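S.K.: Using only what follows, build the 3D model:
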Amino acid sequence: MKKLIAAASLCFASISAQAVITVPEYDVKAGQKVAETVCAACHGLNGVSIVPAQPNLGGQNVRYLYKQLLNFKTGYRKNGIMQSQVAALTQQDMANVAGYYASQPVWGFASGNPATNQEASKLFLGGDKSRGIIPCAGCHDPEARGNEWAAFPRLGGQHAQYISTQLKLFRAAGREDDIASDDQKRVNDADKEGNKGMMQMVASRLSDRDIRILSDFISAVH
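M.R.: Numbering: from 1, shown residues only. From the prediction side, this is the model:
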């Protein structure tokens, strides 16, 4: 419990350091049309991706979705495919499609890895004080439902492969790894360019094994 309280305090500080994301009033039906023409091929019309490398979007919180689309649009979050997909979208289009996917049912859940679920659960819920790792649950909720107000994403049931990739991108940024191109790191958790965001700092302390077992575990949390 003390670890969760400490993590929650750090999480609150992270929230306080940035402005709350304001999503324009959106039209779900208009968002469905955007999804049909722009998004469905990778993310599914109902927000369930059949490709583990692509994230499920159904039931994700609307502030998070809108923020990510804005970040892709501005280039603050790097991904060639996503940046090309949002290039022609207006802010209203992005709000509409974010609202549409947020209105869809939450995706299904995997079974995780029984061999490592207990170990991963301890790391997710309690962190590892000896290595300075705070609990994931402090920001993302003990049931991995995220924090809609703060635009922290729902993680439970997300594809393990996608979670693993994002953690490695945050880790590369947090450790300031030498990389071939800037799309091999993720910096858009930071409030200001050049600062390290919460996810960069947390992921910088994770080993490959930590990332693997956490990703498997989170894909089954509900």
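
S.K.: C-alpha from now on. contacts and neighbour counts both.
M.R.: Noted.

S.K.: Walking through the protein, point out its strands one by one.
M.R.: Taking DSSP state E, the chain contains no strands at all.

S.K.: Pass me the low-pLDDT residue ranges in it, would you?
M.R.: 1-19 (pLDDT under 70).

S.K.: Domain-wise, how is it divided?
M.R.: Domain ranges of the chain: 2-18+122-218, 28-102, per automatic domain parsing.

S.K.: And the ones you listed: which comes nearest Ser111?
M.R.: Counting by C-alpha to C-alpha, Ser111 lies closest to domain 2-18+122-218 out of the domains of the chain; the figure is 8.1 Å.

S.K.: any idea how far the closest residue to Gln68 other than its chain neighbours lies from Ala115?
M.R.: Sequence neighbours aside, Arg77 is the residue nearest to Gln68 in space, at 7.5 Å (criterion: C-alpha to C-alpha, 6 or more residues apart in numbering). As judged by C-alpha to C-alpha, to the nearest Å, Arg77 and Ala115 stand 34 Å apart.

S.K.: neighbour count winner among these two?
M.R.: Arg77 (21 against 9; other C-alpha atoms under 10 Å).

S.K.: how many neighbours does Gly146 have?
M.R.: Neighbours around Gly146, by other C-alpha under 10 Å: 23.

S.K.: And the helices in this protein?
M.R.: 2-16, 28-34, 40-43, 62-74, 80-86, 91-102, 117-126, 137-140, 160-174, 198-203, 208-218 (DSSP state H).

S.K.: can you put these in CSV and add distance to Ala180 and mean neighbour count?
M.R.: Output for those, formatted as CSV (distance: least, C-alpha to C-alpha, whole Å; neighbours: other C-alpha atoms under 10 Å):
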stretch, distance to Ala180, mean neighbour count
helix 2-16, 29, 16
helix 28-34, 33, 18
helix 40-43, 26, 16
helix 62-74, 20, 22
helix 80-86, 15, 15
helix 91-102, 30, 25
helix 117-126, 31, 19
helix 137-140, 31, 24
helix 160-174, 11, 22
helix 198-203, 18, 21
helix 208-218, 20, 21
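
S.K.: CSV for those, including distance to Gln184?
M.R.: Below are the helices of the chain laid out as CSV (distance: least, C-alpha to C-alpha, whole Å):
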stretch, distance to Gln184
helix 2-16, 24
helix 28-34, 28
helix 40-43, 20
helix 62-74, 14
helix 80-86, 11
helix 91-102, 24
helix 117-126, 25
helix 137-140, 24
helix 160-174, 6
helix 198-203, 13
helix 208-218, 16
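
S.K.: for these, which one sits closest to Arg154?
M.R.: Between Arg154 and the helices of the chain, the tightest spacing by C-alpha to C-alpha is seen for helix 137-140, at 6.8 Å.

S.K.: Contacts only, for the residue positioned nearest the centre of the chain.
M.R.: Central residue of the chain (C-alpha atoms, centre = their mean): Pro153, 4.8 Å from the mean position. Counting by C-alpha atoms under 8 Å, 6 or more residues apart in numbering, Pro153 touches Gln60, Asn61, Tyr64, His140, Arg145, Gly146, Asn147.

S.K.: roughly how far apart are the last one and Cys139?
M.R.: Yep, that's Asn147 we're talking about. From Asn147 to Cys139 the distance is 7 Å (C-alpha to C-alpha).

S.K.: what would the domains of the chain look like in JSON lines with distance to Ser111?
M.R.: Output for these, formatted as JSON lines (distance: least, C-alpha to C-alpha, whole Å):
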{"stretch": "domain 2-18+122-218", "distance to Ser111": "8"}
{"stretch": "domain 28-102", "distance to Ser111": "14"}
